[in-house]
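Enquirer: The following block contains a protein sequence and its predicted model.
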Amino acid sequence: MAMLEIENLSAGYGNVQVLRDVSLSVDEGRIVALLGANGAGKTTLLNAIYGLHKPSSGTVVFRGRRIDDMPGDKIIEQGIAYLPEGGRLFPDMSVKENLEMGAYPRGLWRDRKRDLERVYKLLPRLGERKKQLARTMSGGERQMLAMGRCLMSDPKMCFFDELSYGLAPKMAQEVLGMVKELNAGGLSVLLVEQNVRQTLEVADYAYVMENGVIALEGEGRSLLDNEHVKKAYLGL
Amino acid sequence: MTMVLTILINGLVFGSVYALLSMGLSTQYGVARILNIAHGEFIVLASFITWELVTDLGVHPLTAIAAAGAILFVIGFALHRTLFKRVRDISPNAAAFEGDAILVAFGVYFILQNLMRIKWGSQTTGYSFMAYPVSIGGAQFQARSLFVFAFAAVICVLYNLFLSHTRTGKSIRAAAQDPVAARMLGVKINRVMAICFGIGGFLAACAGVLISMNQTFSSVTGLNYTVIAVIVVVLGGLGSIRGSILSGFILGIVGTAVNSYDPSIMLVVFYLIILVLLIVRPKGLLGR
C-alpha cells in the first residue's frame, strides 16, 4: 500500500477552482516528482494535503490515517515535513533557532536537543554556524538550513517545493544530490519542481500537472522520452 | 556635573518606563498587526487596581503586579479572541485589517476610559511610596524612582529571556517574522496572536503598577501613555522589541534633558526626532 494516498482532491480560491479531482500516491522509500508550469496548481496541492488550504472535497491518507482534517502540528507529528518554496526561514533567528522551530510541535519539542545533534551530524556546515542569523547566509546555505529545519521532526516523508529554484545550476545539482542521499537513508520524498530534466533524472515516478489536473504520469526516466513532455517542458 | 548626573539618572528612570510602555504595544503589533490605541487605558486601569489594593488592603504595590497582570492578560487575550479575531476574519486583506483594527482599538479606548471615569471619576489620584530622597554622587533622587528603574529593567530583561529561550517566546518571534512559515511548522497562529495580545496587557499592567508608584494619574491620562508608546515604537522600528527598549532609553534621556530646560516642548522635541528619523531611516532604529 502507498505511504501517501491522495484521492479526488479538489480545492480552490473563492469561485476559482485550482485543483480538480487530483489523485496521486507516493510509495514508501521513493522519490516522486510533481511537475508543471507556474500556476498549474502544484503548491496549492501541497498546501491542501498539508491542511494549510482547506480542500473542497477528496481525501488524504498517510500511513493508513486520514490527515486532511488534522491540524498542522499533528500532521508533522505523523511524520510529514514541508519545505516551502524559497525556504521561508526566519530571517532574524539564528541557525539553531530556525532548526528548533522544526521541532515545534509539543510531542517533538522535548527531544529537540537530540534532533539538533542528528541534523548537525547530517549537515555539519550548520553545526559550524549555530549562532549565525539566517538572513546573513547565502542562497545555498539557506536552502541547506531549510532542509535541516525539515529534518528536525525526523520525518518519514518530506515535501520539497522548488528546492532548486533561484540557485546556480551547480548548487541546484548539489541540493538534488542531497535529496537522493536522504532518500537512500530511507526518506520518502514528494518533489515539486519546474526544473523538469534534472528532476526526472532523480525521481522514481512523476506526475505532470496542467491546469489543476494530473495530465500525465509515469516512471521518471520514461517521461523523459515522452513526446508531450519533450515538446512542452524540455523544449525539444 | 551634578546636573548631568541628575538628567542621566532621571533619564534612565523615564527611559525604563518608556521601554516598558512600548514593549507591550510592540508585541501586540508584531504578530497580530494591531496598533492598540487602548494600550494607555490598560496602563491606567492597572494603576487604579494597584491604588485600590494599596490604599484599601495596604499591600505592597509590587504585589499588585500579580493581580493587575493576571487581569490584563485575560482582558487582552479575550479581546483578541472575541473582537479582533472576528474583525480579522471578515477583513478582505491584511492592509484593510490594520486600518479596521485601529478603529476597533479606538472603540475599546473610549469604552475603557469612560468605564474608568464612571468608577473612579476624573480627578488625579496617587499614593505615597518610598517617599524619601537618596543621594548619588551629590545629586538627590527619589528612592521610589530608583526602585521603578530597577524593576522596569528587570522586567525588560526577563521578557527578552522569555522571547529568546522559551518555546512560546520563539513561536512569537517566528510568527512575527513569517506567519505563513510558522503555520507550516505547526504554530497555531490565532492562538499566538491572542497570547501576544494578552502579553501586551500584562506588560501594560507592569507599566501601570510602576507608574502608580512614581507619579499621579487619572482616568484621562491613558492617551498620553499611548502617544509616547507609539513614538517609542516608531522610533525603535515597528515590531522590534529591542528597538523599543533602545529608543525608550534614548527618548527618556532626551526627554529629561529637555524637561529640565522647558517641560512644554518635550513632545515637540519627540516629534522632531521622529520626523528626522523617518526621513533618514524610515523603518526605525532597528526595524527591517
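Expert: Looks like it arrived, so ask away.
Enquirer: Would you map out the domains in chain A?
Expert: A:1-79+A:156-236, A:88-154 (automatic domain parsing).
Enquirer: the helices in chain A, which residues?
Expert: For chain A, helices defined by DSSP state H occupy the ranges A:42-49, A:72-78, A:95-101, A:106-109, A:112-122, A:124-128, A:139-151, A:169-184, A:196-202, A:220-224, A:227-232.
Enquirer: what mean pLDDT does the second one have?
Expert: Going back to what we said before, that points to helix A:72-78. Mean per-residue pLDDT for helix A:72-78: 91.
Enquirer: Could you check how far B:Val157 is from chain A?
Expert: 19 Å (C-beta to the nearest C-beta, to the nearest Å). (Glycine included, C-beta is placed from N, CA and C.)
Enquirer: doesn't that residue fall inside a strand?
Expert: No: assigned with DSSP: H, G, I helix; E, B strand; the rest coil, B:Val157 falls outside any strand and is helix.
Enquirer: okay, it: pLDDT?
Expert: 94.
Enquirer: now do A:Gln17
Expert: Reading off the model, A:Gln17 has pLDDT 86.
Enquirer: what does A:Leu236 give?
Expert: 65.
Enquirer: sorry, back to before: now the domains of chain A in JSON lines, with mean neighbour count and distance to chain B?
Expert: Below are the domains of chain A laid out as JSON lines (neighbours: other C-beta atoms under 10 Å in any protein chain shown; distance: least, C-beta to the nearest C-beta, whole Å):
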{"stretch": "domain A:1-79+A:156-236", "mean neighbour count": "18", "distance to chain B": "3"}
{"stretch": "domain A:88-154", "mean neighbour count": "19", "distance to chain B": "4"}
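Enquirer: mean pLDDT for those: which is lowest?
Expert: domain A:1-79+A:156-236 (a mean of 88).
Enquirer: Now do that domain: distance to the chain's middle.
Expert: Averaging C-alpha coordinates over domain A:1-79+A:156-236 and over its chain gives two centres that are 7 Å apart (C-alpha atoms, centre = their mean, to the nearest Å).
Enquirer: With stretch B:260-280 instead?
Expert: Its chain's C-alpha centre and that of stretch B:260-280 lie 19 Å apart, by C-alpha atoms, centre = their mean.
Enquirer: Would you mind listing the outside residues contacting it?
Expert: Stretch B:260-280 is contacted from outside by B:3, B:6-7, B:227-228, B:231, B:234-235, B:251, B:254-255, B:258-259, B:284-285, using C-beta atoms under 8 Å, 6 or more residues apart in numbering or on different chains.
Enquirer: now stretch A:70-82
Expert: With C-beta under 8 Å, 6+ apart, stretch A:70-82 has contacts from A:4, A:46, A:50-52, A:62-63, A:65, A:67, A:102, A:104-108, A:150-159, A:161, B:183-188.
Enquirer: Contact partners for whichever residue of chain B sits closest to chain A?
Expert: Using C-beta to the nearest C-beta, the closest approach of chain B to chain A is made by B:Gly186 at 3.2 Å. The neighbourhood of B:Gly186, defined by C-beta under 8 Å, 6+ apart, consists of A:Pro71, A:Gly72, A:Asp73, A:Lys74, A:Ile75, A:Ile76, A:Tyr104, A:Pro105.
Enquirer: Can I get stretch B:65-80 in PDB, CA atoms only?
Expert: The C-alpha coordinates for stretch B:65-80 follow below in PDB (Å, rounded to 0.1, in the frame of the first residue of the first chain):
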ATOM      1  CA  ILE B  65       1.600  43.100  39.500                       C
ATOM      2  CA  ALA B  66       0.300  39.700  40.100                       C
ATOM      3  CA  ALA B  67      -3.300  40.800  40.300                       C
ATOM      4  CA  ALA B  68      -3.200  43.600  37.600                       C
ATOM      5  CA  GLY B  69      -1.000  41.400  35.400                       C
ATOM      6  CA  ALA B  70      -3.400  38.500  35.500                       C
ATOM      7  CA  ILE B  71      -6.500  40.600  34.900                       C
ATOM      8  CA  LEU B  72      -5.000  42.500  32.000                       C
ATOM      9  CA  PHE B  73      -3.500  39.400  30.400                       C
ATOM     10  CA  VAL B  74      -7.000  37.800  30.400                       C
ATOM     11  CA  ILE B  75      -8.600  41.000  29.100                       C
ATOM     12  CA  GLY B  76      -6.000  41.300  26.300                       C
ATOM     13  CA  PHE B  77      -6.400  37.600  25.400                       C
ATOM     14  CA  ALA B  78     -10.200  37.700  25.400                       C
ATOM     15  CA  LEU B  79     -10.300  40.900  23.400                       C
ATOM     16  CA  HIS B  80      -8.300  39.300  20.600                       C
END
